[in-house]
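**Q** I'd like to go over a predicted model; first the sequence, then the structure.
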Amino acid sequence: MKIIFAGTPGFSVSTLEALIDAGHEIVGVYCQPDRPKGRGRILTACPVKEKALELDLTVYQPENLRDSSAQKTLKNLGADVMIVVAYGQILPLEVLESPKYGCLNIHASLLPRWRGAAPIQRAILAGDKQTGVGIMQMNEGLDTGDVLLEKICNISDTDTAQTLHNKLATLGADAIVEALENINNLVSKTQDKSGITYAKKLSKEEAWIDWTQSAIQISQQIRAFNPYPIAQCNASSDKFDAKTLRILSASIIGLAYNQKPGEIIEYGKGVCIIATGDGALNLEKVQLAGKKVVNIKDFTNAYKLTKLE
């Protein structure tokens, strides 16, 4: 099958590789234009572009696909279908209707739950026990198309956004290959409007920890925001005052205590147990502003925390 592939981040790469391994012909790869990154603001290619060039595929990077000349270029590729995986642009109707089988999207949730930009993180943050991927026939709405195929994935109590991302990227790649093999026999399912939730884009402001929340809620926040934007709080110690402390990993501790939320219950020799609004957390991996990520044993050997807020 002749395929146009559209994707930008690392999540999309495994799907591109899977389509090639399955014997499909990639007639063009669409991704976002190179963007300045880092302190030097150097123009940097996205992961999909890097992989496409490595595979000697033709890459297209239009600022948008609403331009008639860009639409003509896409149509002239003569694709049977366009596979869209976290491309980062809204596709106009002219593009959606251009390939024979239209445009199929891999969405990292069980629609209609968690439509939008951050379904992986929102699922963990909400305490969902299951998520998955859906192969969706795209229309002009935001993740509103009919679902053609779904695959379910359990969310473990230790999953972070990164580990769940990796699971769903593999699951999505397998699902789209299966969907294309059965493209003429798939039964579409209209999304149930009563189950709609939206996964809004992450903001750095959400990363700040409120210690009056329960240990379960804060644990979900820590896991959902790893690797970005990373849950954090202000910390003071015997060697610094009110510095940002990022928390990358913590475990829930069941014990009785009298301390107020944010106060330290036990500290030292690889232990840093913090009181919350309900339950306690033992910090496991942290990063002080301007420093490297360290395990809690090394941190407690170097500093004596006095306050978290």
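**A** Received the coordinates, thanks. Residues are numbered from 1 along each chain as shown.
**Q** C-alpha only now, for contacts and for neighbours.
**A** Noted.
**Q** For this protein, which segments count as helices?
**A** Here the chain has its helices, by DSSP state H, at 10-21, 47-54, 68-75, 93-96, 119-125, 161-181, 215-224, 296-302.
**Q** Show the contacting residues for T58.
**A** V27, G28, V29, A52 (CA atoms under 8 Å, 6 or more residues apart in numbering).
**Q** Could you list which of the residues you listed belong to strands?
**A** Secondary structure from DSSP state E places V27, G28, V29 of these in strands.
**Q** how near is the last one to T58?
**A** Looking back up the chat, that one is V29. 6 Å (CA to CA, to the nearest Å).
**Q** got any residues that touch both of the two?
**A** In contact with both V29 and T58: A52, using CA under 8 Å, 6+ apart.
**Q** Next, name the residue at the spatial heart of this protein.
**A** Nearest to the mean C-alpha position of the chain, counting by CA atoms, centre = their mean, stands I120 at 4.9 Å.
**Q** hang on, I230 packs against S249?
**A** No. Contact status for I230 versus S249: not in contact, 9.7 Å apart, counting by CA atoms under 8 Å.
**Q** Which residues are in contact with each of these two?
**A** I222.
**Q** Stretch 202-216: which residues count as buried?
**A** Neighbour counts using 16 or more other CA atoms under 10 Å place A207, W208, I209, D210, W211, Q213, S214, A215, I216 of stretch 202-216 among the buried residues.
**Q** mind saving the C-alpha coords of the strand ranked longest in the chain as PDB?
**A** The longest strand of the chain (DSSP E) is strand 243-253. Output of strand 243-253 as PDB, limited to C-alpha atoms (Å, rounded to 0.1, in the frame of the first residue of the first chain):
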ATOM      1  CA  LYS A 243      15.500  26.100  46.100                       C
ATOM      2  CA  THR A 244      13.400  24.200  43.600                       C
ATOM      3  CA  LEU A 245      13.500  20.500  44.200                       C
ATOM      4  CA  ARG A 246      12.300  18.300  41.300                       C
ATOM      5  CA  ILE A 247      10.900  14.900  42.300                       C
ATOM      6  CA  LEU A 248      11.200  12.200  39.700                       C
ATOM      7  CA  SER A 249      10.300   9.200  41.700                       C
ATOM      8  CA  ALA A 250       8.600   8.400  45.100                       C
ATOM      9  CA  SER A 251       6.700   5.500  46.700                       C
ATOM     10  CA  ILE A 252       3.600   5.600  48.900                       C
ATOM     11  CA  ILE A 253       4.300   4.700  52.600                       C
END
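**Q** tell me which of the contacts of T58 is nearest to E150?
**A** For the contacts of T58, the closest approach to E150 (CA to CA) belongs to V29, at 24.5 Å.
**Q** In this structure that closest one contacts F5, no?
**A** Yes. Here V29 lies in contact with F5, judged by CA under 8 Å, at a distance of 4.8 Å.
**Q** related to what we said a few turns ago, show me just the buried residues among the contacts of T58.
**A** Counted by 16+ other CA under 10 Å, the contacts of T58 give V27, G28, V29, A52 as buried.
**Q** Show me this structure divided up by domain.
**A** Recorded structural domains for the chain (assignment: automatic domain parsing) are 2-199, 204-308.
**Q** average pLDDT for the longest one?
**A** Within the predicted structure, the mean pLDDT of domain 2-199 is 96.
**Q** centre of the chain versus that domain, how much separation?
**A** Distance of domain 2-199 from the chain centroid (CA atoms, centre = their mean, to the nearest Å) equals 12 Å.
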